[in-house]
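K.L.:
just a sequence and a predicted model for now, questions to come.
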Amino acid sequence: MIRRVRATVQEDFLSESEARNIEVVLRYFDGCNSGDVGELLSTLDPDVRHYFLPPTFPPIEGAEHLANFWRRYKENLDPVWKIDHIIAGGDEVVSEWSCRWTNPASEARLMARGSEWYVMRDSKILEVRAYFIADVESNVELASFPYAERGYLPTSD
């Protein structure tokens, strides 16, 4: 997996706990890319809660449930996740990410881009607030944004 951390994430500007929290979120994305439940569990507080935007998609509660959700997501949609930007302050981390995934019905590779806000407790993810909408028929990206020129995960393979 390719990981790029922006210049705003420099060790000399972060506290030890902020740097550790960023590393935990990066490992969480490694786990989402691999579908490795053990790796995902190592990043999650047992009481983690993951919120999504669509009102029809309820929060996922508990480390085991969330880790298994991402394992199934990996198995069914073959996603490639990339953190494009990540910042931290205190016990909170914010990431902007790209995810190329496969629609199982059409086998089309699609791009979703979003942002997540993490609340950390004891260097584990306690809460995730995911801001994105996926579309099964088209890419979901900012209109006219120069993703390729800025080094984001390319829309196509």
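P.N.:
Sure thing, it's come through.
K.L.:
and the residue lying closest to Glu64 once chain neighbours are set aside, how many neighbours?
P.N.:
Closest residue in space to Glu64, ignoring its immediate chain neighbours: Leu41 at 7.4 Å, by C-beta to C-beta, 6 or more residues apart in numbering. C-beta here means a position set from N, CA and C on the backbone, and glycine is covered the same way. If you count neighbours by other C-beta atoms under 10 Å, Leu41 ends up with 17.
K.L.:
which residues touch Val93?
P.N.:
18, 21-22, 24-25, 86-87, 117-118, 120 (C-beta atoms under 8 Å, 6 or more residues apart in numbering).
K.L.:
show me the residues you listed that map onto helices.
P.N.:
Among these, the members falling in helices (DSSP state H) are 18, 21-22, 24-25.
K.L.:
where neighbours are concerned, which of those residues has the most?
P.N.:
Asn21 (26 neighbours).
K.L.:
okay, now the unreliable bits of this structure?
P.N.:
For the chain, residues meeting the criterion pLDDT under 70 lie at 1-12.
K.L.:
quick one, strands of this protein?
P.N.:
44-51, 60-61, 80-89, 92-102, 109-121, 124-131 (DSSP state E).
K.L.:
what lies in contact with the shortest one?
P.N.:
Outside strand 60-61, the residues within contact range by C-beta under 8 Å, 6+ apart are 47-50, 66, 69.
K.L.:
show the buried residues in those.
P.N.:
Among these, those classed as buried by 16 or more other C-beta atoms under 10 Å are 48-50, 66.
K.L.:
before we move on, back to that, turn the strands of the chain into CSV, including distance to Phe29.
P.N.:
CSV is the format used below for the strands of the chain (distance: least, C-beta to C-beta, whole Å):
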stretch, distance to Phe29
strand 44-51, 13
strand 60-61, 16
strand 80-89, 5
strand 92-102, 7
strand 109-121, 10
strand 124-131, 11
